[in-house]
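Q: Just to be clear, the model below is a prediction. Sequence and coordinates:
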Amino acid sequence: MNKCVAGLLWGWVLLLLPLLTWAQPAAQLPPTASLEGEWKGPLTVPGGSLPVSITVTELAGGTRFAVLNVPAQRINRALLTVDLKADTIIFESQELGFNYICRRSADGQQLQGQWRQQGFKTDLTLQFTPLPPQPKNFKFPPPYRVEEVTFTSAHDNTRLSGTLTTPPGEGPFPGVVLLPDMGPHDRDAAVGDYKLFGSLADYLTRHGVAVLRLDGRGVGQSGGDWRTATPADLAKDAQVALSFLRTRKLLDIAQLGLIGHGLGGNVALQVATQPLPPAFVVSLGALGNPGYDVMAQRPLAAFLKAGEADTAQEHRGRRQLLQQQQQGEKLAELRRKGANSAQIETYLGQQQMRQRAADKKQLDARVKKQRPMMEIVRNMPNNDQAQAILVNMLRQQNPALDPAVAQAHATDMVTPCYRSLVTYVPTLNLEQVRTAVFLLHGTDDQHIQPTNLSVLEKALKDNRRVTSRRLDGINHLLQAPALEWPLVNGEQKPVMWPQLNILEWIRKQGKG
């Protein structure tokens, strides 16, 4: 720990001490309750505030691991001890020479207490945020049943393989099938170390929902070829997966649903228009606009290779993280120079306008390049001719592009899968959907623009069982803004945003 940085932090606290008074905490929860999660709050300092957070992880044997983060002071994962004495919780760092003595509020959502150092004290309230759901590395089996399964999609005799996780106990449990986005994806929907479906399955199963997730066609242990699979083929696969869940004795046949990401959300809605529909559908960043428009806006690599464009989106997140850190330093400088709240708001507003303008400029440039290619895909049925023209267009747009890469892109753009997506109408027959639907879409989705949500809402307007939600700052991979990424081994890593409320929504359907 940098002692000069730590000294600066404590210096700000000491300046503030004469202005603060101690207030008694409210009634508390028993100290035996789990503290696992991130506890965040602002420490007010002259001219602004200093965000601090304490992350607590529950360990075996009733012990706890905790770290302190103060990003503005570059204090990352400073180790803390955690002691519980009756209804009092004590966080302490001998290295920093401080302790935080607090109690938990009656609703369990706050820690309220005093931050103390060398006889001085200041009030601090920290707000609870659950840790992002993510798979854990177990030396022993996880606390639920795990089964490798295989069955056949009878309409074309394709073998589908995946993992079924079932909660402990006798059941019956609600169950879901996870449906991936367009392109090749394994059962975890993995992008590097980030596993969207692996995280979601682990979280839901731990909380009482059985989950079936499958390798995509031609990926992992599944047969077939994703390049030849149309949305109609994927809908048939989803129906077969639902039928498979209906044969499981531990599952509640009346509470089996589909959760789809991107195109998977559209497949789930399409299945809901068919006989024997799912009990509910959760759509995560699905298409609403015609496929021709969506594919013109979407990065080409988002379809061509699983994770390639998603990794590019992760890189974008890291650029945003750097920009936000630089913005934080600029805000600190403005405060030191005596800027008032109106000036700070003006600066932030200007930064947001610049970012929106940059995003729109990038999107417009992408559409200008890709729309003519969509015309070739849509109107030229001869694959060889279309492919030759597409290669030439790609090389003209990007002379540095490797010829082999251009050829691979053009080859995939004339596959039955890609052609079917360019002519796809996501809203077709959605007026027939009568099952419960939960529509979620991130406002920072750069792959399937947020405007798609409005189109789906309109198409489903006659269904009173539809709930929709816009996720502020969330991207297509359901990740929070980069500045909110948690620290993992000293580096900020993207994880699934923990406040999707999918579990709560599913539980409400069971009560209906």
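A: On my side now, so go ahead. Numbers count the residues shown, from 1 in each chain.

Q: Next, the distance between the ends of stretch 459-472.
A: Its start and end residues considered, stretch 459-472 measures 23 Å (Cα to Cα, to the nearest Å).

Q: any low-confidence regions in the stretch 101-250 of the chain?
A: Residues of the stretch 101-250 of the chain meeting the criterion pLDDT under 70: 118-120, 132-141.

Q: all helices of it, in order?
A: Under the criterion DSSP state H, counting those that start in this stretch, the stretch 101-250 of the chain contains helices at 196-206, 231-246.

Q: Quick check: which helices or strands does the first one pack against?
A: Packed against helix 196-206, as judged by 3 or more Cβ pairs under 8 Å, 6 or more residues apart in numbering; DSSP states H and E, are the following elements: strand 158-166, strand 173-179, strand 210-214, strand 251-261, helix 502-511. (C-beta placed from N, C-alpha, C; glycine too.)

Q: R246 is in contact with D252, isn't it?
A: No - contact criterion Cβ atoms under 8 Å: R246 and D252 do not qualify, at 10.0 Å.

Q: more crowded one of these two?
A: D252 (16 against 12; other Cβ atoms under 10 Å).

Q: separation between the more buried one and R419?
A: 39 Å (Cβ to Cβ, to the nearest Å).

Q: hang on, the earlier thing: reformat the helices of the stretch 101-250 of the chain as TSV; add distance to R469.
A: Formatted as TSV, the helices of the stretch 101-250 of the chain follow (distance: least, Cβ to Cβ, whole Å):
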stretch	distance to R469
helix 196-206	16
helix 231-246	23
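
Q: closest to A78 out of these?
A: helix 196-206 (26.8 Å; Cβ to Cβ).

Q: returning to that earlier point: and of the helices of the stretch 101-250 of the chain, who's closest to G175?
A: G175 lies closest, by Cβ to Cβ, to one member of those: helix 231-246, at 4.9 Å.

Q: For the closest one, C-alpha coordinates in CSV please.
A: In CSV, the C-alpha atoms belonging to helix 231-246 read as follows (Å, rounded to 0.1, in the frame of the first residue of the first chain):
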residue,chain,number,x,y,z
PRO,A,231,-34.0,-19.1,-36.9
ALA,A,232,-36.7,-21.7,-37.8
ASP,A,233,-34.2,-24.5,-37.2
LEU,A,234,-33.2,-23.0,-33.8
ALA,A,235,-36.8,-22.7,-32.8
LYS,A,236,-37.3,-26.4,-33.4
ASP,A,237,-34.2,-27.1,-31.3
ALA,A,238,-35.7,-25.0,-28.5
GLN,A,239,-39.0,-26.9,-28.7
VAL,A,240,-37.1,-30.2,-28.4
ALA,A,241,-35.2,-28.9,-25.4
LEU,A,242,-38.4,-27.9,-23.7
SER,A,243,-39.9,-31.3,-24.4
PHE,A,244,-36.8,-32.8,-22.8
LEU,A,245,-37.4,-30.8,-19.6
ARG,A,246,-41.0,-32.0,-19.6
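
Q: what distance separates it from the middle of the whole chain?
A: Distance of helix 231-246 from the chain centroid (Cα atoms, centre = their mean, to the nearest Å) equals 25 Å.

Q: From the contact counts, what lies against that helix?
A: Using 3+ Cβ pairs under 8 Å, 6+ apart: helix 231-246 touches strand 145-153, strand 158-166, strand 173-179, strand 210-214, strand 251-261, helix 263-271, helix 416-422.

Q: buried set for that helix?
A: For helix 231-246, the neighbour count (16 or more other Cβ atoms under 10 Å) marks 231, 233-242, 244-245 as buried.

Q: on that earlier part again, compare the helices and strands packed on helix 231-246 and report which one is nearest to V56.
A: strand 158-166 (26.0 Å).

Q: Show residues contacting that closest one.
A: 142, 144-153, 173, 187, 201-202, 205, 210-215, 217, 220-224, 237, 240-241, 248, 250-251 (Cβ atoms under 8 Å, 6 or more residues apart in numbering).

Q: Listing partners with orientation, what would you give for it?
A: strand 145-153 (antiparallel), strand 210-214 (antiparallel) (DSSP bridges).
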